[in-house]
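Enquirer: just a sequence and a predicted model for now, questions to come.
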Amino acid sequence: MPTHPKVNVKSGFSREAIVFYCALMAFAVAAIALAGWVFDISYFKTILPGFPEMKPNSAVAFAIGAIGLFLISKHGQGENRSRAIVSCGALVSLIGFLTLFEYMGGLDLGIDTMLISASRMAAETRFPGRMSPHSAFNFTVLGISIAALAGGRRFQKLSEFLAILLSVTTFTAVLGYLYGAEQFYGISKFNSMAVQTIGLFFVFSLGIVTANTRSRMVNLLTASSFGGTAARRLLPCVVVLSTLLPWLRMMGEKRGLLDAGSGPALMAVFAILIMGAIILFFSAAIHKTDIGRKHLERDLAERARRYHDLFDYSQGMICIHDLDGVLISVNPATIRSLGYGLDEMIGKNLAEFLPVEHRAGITAFLREITNEGISKGLLPVISKSGQHVMWRYDSILVSEPDEEPYIIGHAQDVTELIAAQKQLKNLSLTDDLTGLYNRRGFLTMAEQQIKLEEHSGTARGLTLMFADMDGLKKINDLYGHKAGSDAIIQLSKILQATLRSADLIARWGGDEFVILTIGSKNENTEMMFDRINDAISEHNLRSHKPYELACSIGVAPIDIGTGRSLEAIIADADKAMYAEKRRRKAAREDVDTHDLIETLTPSRTSPKDPTGNRPSL
């Protein structure tokens, strides 16, 4: 028997909860009725004095059926559970069938007084304790419907049909009570279908169709579609109006307010007015829904057009594929890049467009994006002409309710960029003395960085700094060129340690350095100056060299929008550096003049007390 998934119905309860509460209600009412017969409590046997009583065998049949319905509401599968459900249904059906057999054959099999003796039942009837033939028929149908739920698809369709039949025959009993037609609910006052029996038959009908996961009626009534809404609203109207209008006519004729002619005419008027109002109401709702649908269709069509424009006219490659890597759709840019036709790509696996040595990586890519939901990197592909192309891709997993997940990827052709990077590696880009970029390496990498800034449009702010080492000539003259080279190396190490790894640093030539700071702003430039000067001062304090390091720095901001060449910007930074060098030289000369005056003043400096300071360079 299939399990019942937790599908929320319109009431907000799950299927299992509705079936369980139906079983609980049926068992409780049946137990109360049986207790009324055992302890002779009349209020437990009937709702109101004068109404038919629920017979003991009816209560037993309801209790057994409730057990079967309770087993249906629980999760799981198994032969024992299915057999128990079938057994409960068979017992209920057997009680009803034997009672019908008694009526048809004029027999008394003794099942009516098996639990309660005939002396404790009404003596006015020929068959004390026997349920009405209507109830017996309903129990026969109910038992088969319960047992059929444990079967396959065809049996479950039969179960749904029998549950609907059960509710129809029970409703005829309601009409019998309402219109005073005793033959619709029993054969006498003491062999009639009790009111609580009618209620429990409706409860079982609800529980059985709800438990049936293949029930078309339940799926329709609980659907959020307009059809489901119309069914939930129209069906009660049809039932209530079809029941109430004839009853009003009957009551009017009984009280003498209507005769044989005016009664049908008035009922027809009311039926036309009420049904007309309902039809107009739903027609207006349908009209409003249809207008909203047309607006939605136009919006969706506009969004679809924009999506297709983006998809078709994008200069980047866009591919959509399933979780196995099979291509579902590709845009024209992809076709132009690889040279294949659309029909040559759709339905093919991504691995078929990769070099043989890289095809195994598709499995890792699909596993990564399935687990993480996103993947990015480089993908080597082969065009139709056999040319190897390198793509930089960004892929994302798209998962929407009630739809198969898929992967959409966007890629850019970086073949030329990768080739340029490989070419740069073959060039001499570094300075032999310091290990920094040389002039060629700096120009090449800086141009690439500026292009990336222009392409991304992030405007992070590039700044160019030109640094010149102060006093290198004096170091060479006093301590030799080896000491000068060592001083250049030490200054390059200070710059590397102080600046960020993303910044480009190069030895421009001799004692000159050029720096391209990435993502820096004006306020950050002053902080860089301070860090560099502090690092140089700290080095001088720890150094045991007979000289001190110093440098002058000029700054030139880079404005992407001006179109100025990198050489022009470097020239601006060079001018700013020389201005800074002149300022620092003037400051040193002022200090030297002050020191000379103090030296020539006997009262302040003793010739026997030399300062011992290293020369300031």
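Expert: Looks like it came in fine.
Enquirer: where does the stretch 151-300 of the chain dip in pLDDT?
Expert: 187-191 (pLDDT under 70).
Enquirer: top helix in the protein by residue count?
Expert: helix 262-313 (DSSP state H).
Enquirer: how far off centre is that helix?
Expert: With CA atoms, centre = their mean, to the nearest Å as the basis, helix 262-313 stands 30 Å off its chain's centre.
Enquirer: what angle sits between the next helix or strand after it and helix 262-313?
Expert: Where DSSP states H and E defines the elements, the next helix or strand beyond helix 262-313 is strand 317-321. Orientation of strand 317-321 against helix 262-313 (axes from the mean of the first three to the mean of the last three CA atoms, to 10 degrees) gives an angle of 130 degrees.
Enquirer: can you give me the buried ones in strand 317-321?
Expert: 317-321 (16 or more other CB atoms under 10 Å). In this view, the C-beta of every residue, glycine as well, is placed from N, C-alpha and C.
Enquirer: now the following helix or strand past it: mean pLDDT?
Expert: Later in the chain than strand 317-321, the nearest helix or strand by DSSP H and E is strand 327-330. Strand 327-330 comes out with an average pLDDT of 92.
Enquirer: give me the sheet partners of strand 327-330 and which way each runs.
Expert: Sheet pairing of strand 327-330 (DSSP bridges) gives strand 317-321 (antiparallel).
Enquirer: would you map out the domains in this structure?
Expert: The chain breaks down into these domains under automatic domain parsing: 15-222, 224-302, 314-419, 427-600.
Enquirer: number of nearby residues for Ile291?
Expert: 10 (other CB atoms under 10 Å).
Enquirer: same check, this time on the one 3 residues further on
Expert: Residues near Lys294, counting by other CB under 10 Å, number 10.
Enquirer: and the domains of the chain, which is most packed in?
Expert: domain 15-222 (a mean of 19; mean count of other CB atoms under 10 Å).
Enquirer: surely Val218 is in contact with Val209?
Expert: Yes. The criterion here is CB atoms under 8 Å, and Val218 meets it with Val209 at 5.4 Å.
Enquirer: returning to that earlier point: now, which of the buried residues of strand 317-321 sits nearest Met267?
Expert: Within these, the smallest distance to Met267 is 62.4 Å, found for Ile320 (CB to CB).
Enquirer: check contacts around that closest one.
Expert: By CB atoms under 8 Å, 6 or more residues apart in numbering, the contact set of Ile320 is 327-330, 406-409.
Enquirer: measure Val381 to Ala483 for me?
Expert: 55 Å (CB to CB, to the nearest Å).
Enquirer: which residues of this structure score low on pLDDT?
Expert: Ranges of the chain meeting pLDDT under 70: 1-13, 75-77, 117-127, 187-191, 424-428, 455-460, 520-523, 588-617.
Enquirer: what's the longest strand in it?
Expert: Longest strand of the chain, by residue count under DSSP state E: strand 388-398.
Enquirer: now do that one: everything it contacts.
Expert: Contacts with strand 388-398, where a contact means CB under 8 Å, 6+ apart, come from 317, 337-338, 355, 365, 369-370, 373-383, 405-415, 418.
Enquirer: restricting to C-alpha, output the helix or strand following it in CSV.
Expert: Going down the chain from strand 388-398, the next helix or strand is strand 406-413, by DSSP H and E. What follows is strand 406-413, C-alpha atoms only, in CSV (Å, rounded to 0.1, in the frame of the first residue of the first chain):
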residue,chain,number,x,y,z
TYR,A,406,20.2,23.1,-14.1
ILE,A,407,23.5,25.0,-14.3
ILE,A,408,24.0,28.2,-16.1
GLY,A,409,27.5,29.3,-16.9
HIS,A,410,29.0,32.6,-18.3
ALA,A,411,32.4,32.6,-19.7
GLN,A,412,34.9,35.0,-21.4
ASP,A,413,37.5,34.1,-23.9
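Enquirer: strand 406-413 - contacts with which helices or strands?
Expert: Helices and strands touching strand 406-413, by 3 or more CB pairs under 8 Å, 6 or more residues apart in numbering; DSSP states H and E, are strand 317-321, strand 388-398.
Enquirer: on that earlier part again, reformat the buried residues of strand 317-321 as a markdown table; add distance to Glu548.
Expert: A markdown table is the format used below for the buried residues of strand 317-321 (distance: CB to CB, whole Å):
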| residue | distance to Glu548 |
| --- | --- |
| Met317 | 57 |
| Ile318 | 60 |
| Cys319 | 61 |
| Ile320 | 64 |
| His321 | 64 |
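Enquirer: pipe the contacts of Ile320 into CSV and attach distance to Arg83 per row.
Expert: Formatted as CSV, these follow (distance: CB to CB, whole Å):
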residue, distance to Arg83
Leu327, 51
Ile328, 48
Ser329, 52
Val330, 56
Tyr406, 45
Ile407, 48
Ile408, 51
Gly409, 54
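Enquirer: closest one of these to Leu495?
Expert: Nearest to Leu495 among the contacts of Ile320: Gly409, at 41.0 Å, using CB to CB.
Enquirer: which residues touch the closest one?
Expert: Contacts of Gly409 (CB under 8 Å, 6+ apart): 318-321, 393-396.
Enquirer: again, only using 7 Å
Expert: Neighbouring residues of Gly409 by CB atoms under 7 Å, 6 or more residues apart in numbering: 319, 393-395.
Enquirer: what segments of the stretch 451-600 of the chain are strands?
Expert: Using DSSP state E, counting those that start in this stretch, the strands assigned to the stretch 451-600 of the chain run over residues 462-469, 504-509, 512-518, 551-558.
Enquirer: and those strands: which comes nearest Gly68?
Expert: Nearest of those (CB to CB): strand 512-518, 75.4 Å.
Enquirer: now do that closest one against strand 551-558, angle only.
Expert: Relative orientation of strand 512-518 versus strand 551-558 (the same axes, to 10 degrees): 40 degrees.
Enquirer: strand 512-518 pairs with which strands, and in what direction?
Expert: Here strand 512-518 has these sheet partners by DSSP bridges: strand 462-469 (antiparallel), strand 504-509 (antiparallel).
Enquirer: can you give me how far it is from the chain middle?
Expert: Centroid separation between strand 512-518 and its chain, computed with CA atoms, centre = their mean, is 47 Å.
Enquirer: who touches that strand?
Expert: Contacts for strand 512-518 (CB under 7 Å, 6+ apart): 442, 446, 449, 460, 462-468, 495, 499, 502-508, 528, 570.
Enquirer: three-state assignment of Thr213?
Expert: Put simply, Thr213 is coil when judged by DSSP: H, G, I helix; E, B strand; the rest coil.
Enquirer: understood, closing this out.
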